[in-house]
Structures are given as structure tokens and as C-alpha cells.
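[1] give me the fold of what follows.
(2 chains)
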Amino acid sequence: MSETDKTSKLDVALHVVRTGHGQDFELKVEFIADAGITILFGPSGSGKSTILQAVAGLYKPSKGHIRLGDELWSEGDAGRFVPPEKRGVAYLFQSLALFPHMTAIHNVCYGMGRKVSKAEREEKAHALLKRVGVDHLAKRKPQTFSGGEAQRVALARALATNPKVLLLDEPFSALDRELRVQLARLVVELVQELEIPALQVTHNHGEAAAMGSRILKMRSGKIIEDGRPEEILGGRKAFQDIGKTPMPELLPRTVKE
Amino acid sequence: MNWDPLWLSYKVATIATLLSFVLGVGIATFLSQTRFRGRELVDALVTVPMVMPPTVLGYYVLTAVGKNSWLGQTYESLTGGHIAFSVVGCVIAAFVGSVPLVIKSARSALERVDPTVVQAARTLGASPLRAYLTVQLPLAAPGIAAGVMLAFARALGDFGVTVMVAGSIPGQTQTAALYVYEQVAKQAPAGAMVAVLTATAIFVLYTVNSLGRRSDMRFG
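    The predicted structure follows:
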């Protein structure tokens, strides 16, 4: 029995034309993402982040549609448009975008519904911080966090909303290798637990190979290759990028069959 | 030394600053959250009092609120009094000179907030209003507070607009700045009043600088 039947597939079809800066940019992509991490892989300027913003609802595409299961989130210029706060998308920004004026616990509580009591929210936030290994930071504010700590808090905050889709925009670009491997493993585990579609933007070969269950290789606004990491990125060579230990051992990817 | 003009100045400046704060932050919010043709023209129109000769500004205000103006007559029919050459005139004079300072600093503080932080709030389920009230506004608060302090100093020190709109009626509309002028014109002592106004200005600037440091720390 396939487990992915329980989760909604993310159906993305975008056609975006941006003029200006002396050069027109055209993004034209279509894909359907299953549960698991789909990597948007390619050089900067290939339109990867635009896709994430459109899925999150931070940007309204003029043509195309975005669907999650049977929910229509966005349809062309005049059609339906669900605002970001109604989508249930967790977005891990490259800058992390933690709220600098709130403690870690309040950052995590921010996205929880108001239906449950404050005590319950804080209890759940504590559990999440613990899950990502930073519950000791609960009462501290972001400016005192290290890069890896901030990353973990941002991850806990993103997951606190029980998201239906997870979006990761080069989430580990500011971290050293050691931390990158630890966090990559954590994200892979969490996405497996949640069984939701996740889109991750990266131009790091090792990260793409180690974390993705599918790679969409992009260039100049188009998907030029689509397949499993080993098909797209080649064999073991790719796995050496992220650390000395071979990635398959660090990140046992359970293949669902 | 007659200290009444100083108390009048503090009272007028406090009310004018409150008005500047509410309306200034409102206008700054509108200018920073919306995109429309002519937005910068609106910004220029509401902040031009900062760079206009005070007497010219005073002329406009007097035209707008004078006895025969629509505003002046409406006010008269409601209260029986006049705006021009009254304490209300002092407040309006101080307000028009100071509100641009709040608009400028609040707009820049609101726009300096990292947009991804506001977007993060939205993806976490916050409506545009909630994201503004709980994230963008608190993060812009030090910058807004600095603008409000400057507005207070400007309101306290206004001369040109006040003299045009409210005159310099001793015991009624004569504020501290006008009193200093009159004392000097009469060759009477003004040093103590000058000292107090200077000390207030220095205190305000010192506070503004401290707020600036705090906001740098926060962003930085």
C-alpha cells in the first residue's frame, strides 16, 4: 500500500514573465510534488525562489495554477487567490526571518491557532523546541542564537502550524558542513514523519543529493531535468560534497516501495 | 522671568505631538503599505512643511483655518470660538510643522523592517493587520519613537507658523519661542528661558540618539 495516498499532492503550473532590468525573465514550469523532499536545483536566477513564493502566496502569478490536493490556491490573474495566512504552508526563509523582538518560545507560538490555551501552546512549543534540540533557548531572543540554533528555532516555528506543505529556501547556506549535515538529517526525518510535500531550493550538489527524493533541475526558468537524485546528479561523487562521511550513512533515506 | 509661556509651549507641544504621532504613523503606514501612482507626490506634499519657509506655511494654515475659511466657520458654529489667534491655532501651527518629522521617520522605520519577517508572519497564519501590529510596528517602534521626539522638539520651538496663525498675544498665545523674541525686542532678560529651551532640545536629541542605538542593536 502506498503511503502517499494519505497526503495531498502539490500541483504547480506557473507561467511568469517579468520585464525590466534590461532583460525579460520567463518562468514556465509544471510539476506535481508528492510527499517527500523535491529539490529545485539550479543556479541563481533560474526562478527557484519565485516558485516558492508563488506556492506560499507571497506572490501572485499571472498565469497558471497552484493546487494542494483538491484545494485550489491560485489560478491566474483574475481567478481564485488564497492569501498566505489561509494556506497552511511553512516557509523556511534563507534569512530565517525569526521575529527579533520575541523569545524563541514566542516565535514558535506565533503561528499556533488561538483556539487552544496559552499554556497548551507553550507546552507544544516546548516540545517542538525539544524535538529540534534547542529547548534550552526557549526564553532567549534570536540575536543571541548561533547560526545553527537560529535554524532549529526557525524549523520549530515552521512546524508549529501543522503545515500541509514545507518550503525551504536554501535553508543551510549560512552553516558550516558539520551543522549542515545535522540539520539536513533533521529536516529529512521531519518531512518523513509529517508525510507532506516539501520543496527545497538549493544550488548545493551534496545537499540536493542527500536530501531529495526527487530533483527538478532548473535553468533559465525551465525544468530541464526531472528524476531521482542518482539519475540527475550522478553517483557517489555528489555525496562527498557535504562531509567526509558518505551521506547514505548519515542520511538513511527510506525508500518507500 | 514669566514662566507662563514655557508652560503654554509644553502644553501645546504635547498635544501637537500626540496628534502628529497618531496621524503621522497613520499616513506613514498608508505610504509604506500601498503601491500607487503618485505615492511619492503624496509623500512630498505631506512632508514639504519641513522645508518651506515657516511664514509661507503659516500663510497657508491661516488661509485654511481663518475666520472666513470653511474650517474656521465650521469650528465657530460648533464651539463659538476661533482657531486663528487662539491656543487651538498654536496647536495646529505646532502640528503642521512637526507631523512631517513623524511621517518621514515612521515611513523609513516601517520600510526598513525586513520584508521576509513580515512575510514569515503571514505564512504563519497572520492576517495583514495582525502581521503589521505584532511584527512590523513593534520592530519599527524605536524609529517611530525617535521621530516623535524630534516632532516634540520641533513643536516646542516653532516660531514662524505660530506667529502667523496664532499671533503672539501675551498670556494667551505667546509661546516660549515668541516670548524670547519679545523680551529681546524690549531689551529685557531672556537668558533663563533660552537656557531651558536649549536644555530641552539637548535632552530630546540625546534620547533620539539612544533610541537609534537601540534600534541598531535590534536589527543588527
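
[2] whichever residue of chain B sits closest to chain A and A:Leu98, how far apart?
    For chain B, the residue closest to chain A is B:Leu124, as judged by CB to the nearest CB, at 3.2 Å. In this view, the C-beta of every residue, glycine as well, is placed from N, C-alpha and C. Distance, B:Leu124 to A:Leu98, by CB to CB, to the nearest Å: 11 Å.

[3] smallest gap between chain A and chain B, at which residue?
    Closest point on chain A to chain B, by CB to the nearest CB, is A:Gly111, at 3.2 Å.

[4] hmm, A:Ala160 and that residue touching each other?
    Yes - taking contacts as CB atoms under 8 Å, A:Gly111 lies within contact range of A:Ala160: 5.2 Å.

[5] one step back: what's the residue of chain A closest to chain B sitting at in phi/psi?
    Per-residue torsions, A:Gly111: phi -90, psi 0 (degrees, to the nearest 10).

[6] so what's it closest to, chain neighbours aside?
    Excluding the flanking residues, the one nearest A:Gly111 by CB to CB, 6 or more residues apart in numbering or on different chains is B:Leu124, at 3.2 Å.

[7] can you map out the helices along the stretch 1-150 of chain A?
    Taking DSSP state H, counting those that start in this stretch, the helices of the stretch 1-150 of chain A run over residues A:48-56, A:104-109, A:118-131, A:147-159.

[8] hmm, who's touching the third one?
    Outside of helix A:118-131, the residues that reach it under the criterion CB atoms under 8 Å, 6 or more residues apart in numbering or on different chains are A:104-105, A:108-109, A:112, A:116, A:135, A:137-138, A:152-153, A:156, A:159-160.

[9] joint contacts of B:Leu124 and A:Leu98?
    A:Arg157.

[10] quick one, grab the pLDDT at the residue lying closest to B:Thr162 once chain neighbours are set aside.
    In this structure, B:Thr162 finds its nearest non-sequential neighbour in B:Ala93, 4.3 Å apart by CB to CB, 6+ apart. With respect to pLDDT, B:Ala93 scores 96.

[11] do the same with B:Ser105
    Reported pLDDT for B:Ser105: 95.

[12] count the neighbours of the closest residue to it other than its chain neighbours for me.
    In space, and not counting its chain neighbours, B:Ser105 is closest to B:Gly147: 2.8 Å by CB to CB, 6+ apart. Using other CB atoms under 10 Å in any protein chain shown, B:Gly147 has 30 neighbouring residues.

[13] check A:Phe81 too.
    A:Phe81, neighbours per other CB under 10 Å, totals 15.

[14] contact partners for the closest residue to A:Ser95 other than its chain neighbours?
    Nearest non-adjacent residue to A:Ser95, counting by CB to CB, 6+ apart: B:Thr116, 5.3 Å away. Contacts for B:Thr116 were tallied using CB under 8 Å, 6+ apart; they are A:Phe93, A:Ser95, A:Ala97.

[15] chain center to the strand or helix carrying B:Thr116: distance?
    Element membership for B:Thr116 (DSSP states H and E) is helix B:115-123. Relative to its parent chain, helix B:115-123 has a centroid offset of 31 Å by CA atoms, centre = their mean, to the nearest Å.

[16] same question for stretch A:61-80.
    20 Å.

[17] again, but for stretch A:200-210
    12 Å.

[18] packing partners for the helix or strand encompassing B:Gly97?
    Assigned by DSSP H and E, B:Gly97 belongs to helix B:87-112. Counting contacts by 3 or more CB pairs under 8 Å, 6 or more residues apart in numbering or on different chains; DSSP states H and E, helix B:87-112 is packed against helix B:4-33, helix B:39-47, helix B:54-65, helix B:137-157, helix B:160-165.

[19] before we move on, back to that, quick one: mean pLDDT for the helix holding B:Thr116?
    Here the average pLDDT along helix B:115-123 is 96.

[20] by how many degrees do that helix and helix A:48-56 diverge?
    Angle of helix B:115-123 versus helix A:48-56, following axes from the mean of the first three to the mean of the last three CA atoms, to 10 degrees, is 30 degrees.

[21] just the C-alphas of helix B:115-123, formatted as PDB.
    Provided in PDB are the C-alpha atoms of helix B:115-123 (Å, rounded to 0.1, in the frame of the first residue of the first chain):
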ATOM      1  CA  PRO B 115      10.100  42.200   4.500                       C
ATOM      2  CA  THR B 116      10.700  38.500   4.900                       C
ATOM      3  CA  VAL B 117      10.000  38.800   8.600                       C
ATOM      4  CA  VAL B 118       6.600  40.200   7.800                       C
ATOM      5  CA  GLN B 119       6.100  37.500   5.100                       C
ATOM      6  CA  ALA B 120       7.000  34.900   7.700                       C
ATOM      7  CA  ALA B 121       4.200  36.200   9.900                       C
ATOM      8  CA  ARG B 122       1.800  35.900   7.000                       C
ATOM      9  CA  THR B 123       2.800  32.300   6.200                       C
END
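
[22] beyond it, next helix or strand please.
    Next along from helix B:115-123, by DSSP H and E: helix B:128-131.

[23] one step back: list the contacts of the residue nearest to B:Thr162.
    Contacts of B:Ala93 by CB under 8 Å, 6+ apart are B:Gly58, B:Val61, B:Asp158, B:Val161, B:Thr162, B:Met164, B:Val165, B:Ala166.

[24] chain B against chain A: which residues are in contact?
    With CB under 8 Å from any CB of the partner chain as the criterion, chain B meets chain A at residues B:114, B:116-117, B:119-127, B:134-135, B:138-139, B:217-220.

[25] buried ones only from those, please, as a PyMOL command.
    Applying 16 or more other CB atoms under 10 Å in any protein chain shown to those, the buried members can be selected in PyMOL as follows:
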select buried, chain B and resi 114+116+117+119+120+121+122+123+124+125+126+134+135+138+139
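
[26] where does pLDDT dip in the stretch 101-250 of chain A?
    Filtered on pLDDT under 70, the stretch 101-250 of chain A yields the residue ranges A:235-250.

[27] before I go, just wanted to say thanks for your time.
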